[in-house]
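# Kindly return the folded structure for what I paste below:
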Amino acid sequence: MKKNKRIIRIILSLVVLLLLLGNLAACNQNNAERDLPEEEQDNTPVIVMVGSFEELQDALDKKVPAITMEPHTEIRISSSFELKSDLSITGGETSCLIVDKDATFSIAEETTLTVRFMRFEVHGTLVNQGVLDIAEDGKISFYNNNSEIGIVICDTKLGNVEIIADSITDAEFLLYLSKETPYTAITLADNGTFPVKNDITIVKDITLYANGFYLNTIDKLIVKPDVTLTVKICNFNVSGLIENEGYIIVAPFGRITFYRESPNIGNIKAVGNDPDSPFSPVLWDYGQIVITPNTPALSSFAEYLAPDSIYTAVGLYFGGNTENDMVEIVITEDFVIPKGKAIVMNICCIVVVPKGITLTVDGYIDTYHKPVVEGTLIGEDHVIVSA
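Numbering: from 1, shown residues only. As a prediction, this is how the structure comes out:
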């Protein structure tokens, strides 16, 4: 009997010991999880996909810190809306957040809205009492002057803060160019044109978009040091002078036409999408820097087409308004239009290659008339005859 009691006590002791060891192991595991270094813990923020205003509102009610818009989605804000907690919003392909004309979008104090890879269109009013961060491939476009834009962070290499106007006064234009406004791009909507009547000084990085931008009556366009002016205007006509202490970039679909040389033109270059086809007046895949000579004689424009010239094209715009006022552009000596250079002509001009003369076209000729060739034309496939 005593032996049996001893065995029972031993068994009970072993059971208690096993229970104690199990509890100890569980405690050690919990402590280990609590003691994980911060960098080893999973602190990845929850990112929510949204495709409608209701889903956006629900995510913000839950104070989700990051959302992604579904591709090809427009979310419209049509009434008053206030952002009260930090939010990073990333767009899908061609996605867009729109504040309607009669709506107000507010960013509360000590709140940051970050916009990436998408368009944010403000047709109504933005009241920013916090911080607006336009990050990688983000773009915010204002369609009026109603907004209190506040603090905006924008690296022009990453995003754009754009003002879009159907029409614009000199005073408004000069204001948009000033450092007092956060705009990094100015766009004239509906292919608008703008005849500037004042001297212009560019004091911050800016991109200009428009169908026509005419600086015919100004004395000077001044670009300050370390400032970049990007031109995406298909008709940027300059009769005045440019004093460029910074950088001028003429991008695809952009063209500057000079009606006289600017001795202090500084650092200016055309850039494009296809390095193997550095200039195409038809495809507009490369920016254009055009100079217009005073006479149609080859001697008046040959130097502008040299490989090291800043100009990508010579614009020959002579004659009247009809083909009856035809002007001959006579090639008086063997001549090469280098790759990356072009001659662009109006409807009243025609190229003539006399007998004994060779014209080699490695670049382009953009014309309304097939050249008259009595000598030799090499590169005829680079002569683009418009209908």
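
# Poorly predicted segments of the protein, please.
Counting by pLDDT under 70, the chain contains low-confidence residues at 1-47, 189-197, 215-218, 274-284, 320-324.

# ok, 80 please
The model of the chain has pLDDT under 80 over residues 1-47, 92-93, 155-158, 165-171, 188-198, 210-219, 273-285, 320-325, 387.

# what's near enough to touch the most centrally placed residue in the chain?
In the chain, the centroid-proximal residue (Cα atoms, centre = their mean) is Asn160; its distance is 6.5 Å. Contact analysis of Asn160 by Cβ atoms under 8 Å, 6 or more residues apart in numbering lists Ile134, Gly138, Lys139, Ile140, Cys154, Thr184, Ala185, Thr207. All C-beta atoms are positioned from the backbone trio N, CA, C, and that covers glycine.

# do you know how far it is from Ser147?
The gap separating Asn160 from Ser147 is 16 Å, by Cβ to Cβ, to the nearest Å.

# And for Thr184?
Relative to Ser147, and taking Cβ to Cβ, Thr184 is found at 15 Å.

# Could you give the bridge partners of the residue nearest to the centre of the chain?
Residues in a beta bridge with Asn160, per DSSP bridges, are Lys139.

# And Ile186, by the same measure?
Beta-bridge partners of Ile186, as defined by DSSP bridges: Ile163, Leu208.

# Show me the two of the contacts of Asn160 that sit farthest apart.
Spatial extent of these (Cβ to Cβ) is set by the pair Gly138 and Thr207 at 14.6 Å.

# Compare Thr184 and Ser147 (neighbour count), which wins?
Thr184 (22 against 19; other Cβ atoms under 10 Å).

# Quickly note the distance from that one to Asp334.
Taking Cβ to Cβ, one finds Thr184 at 47 Å from Asp334.

# you'd agree Leu175 is in a helix?
Yes. According to DSSP: H, G, I helix; E, B strand; the rest coil, Leu175 belongs to a helix.

# ok, it touching Thr181?
Yes. Look at Leu175 against Thr181 with Cβ atoms under 8 Å: they come within range, at 6.2 Å.

# ok, now which ones touch Gly138?
Gly91, Thr114, Val115, Arg116, Phe117, Met118, Phe120, Leu158, Gly159, Asn160.

# The second one reaches Ile140, doesn't it?
To tie it back to what came earlier, the one meant is Thr114. No. Between Thr114 and Ile140 there is no contact under Cβ under 8 Å: 11.4 Å.

# And those two? Which one has more around it.
Ile140 (28 against 19).

# Skipping its backbone neighbours, what lies nearest that one in space?
Spatial nearest neighbour of Ile140, excluding adjacent residues (Cβ to Cβ, 6 or more residues apart in numbering): Phe120 at 4.3 Å.

# which ones are touching the one you found?
Here Phe120 is in contact with Cys96, Leu97, Gly138, Lys139, Ile140, Ser141 (Cβ under 8 Å, 6+ apart).

# what do you get for Cys234?
Asn211, Gly212, Phe253, Gly254, Arg255, Trp284.

# Identify the farthest-apart pair in these.
Most distant of the contacts of Cys234, by Cβ to Cβ, are Gly212 and Trp284, 15.2 Å apart.

# Compute the number of surrounding residues for Lys179.
Neighbours of Lys179 using other Cβ under 10 Å come to 7.
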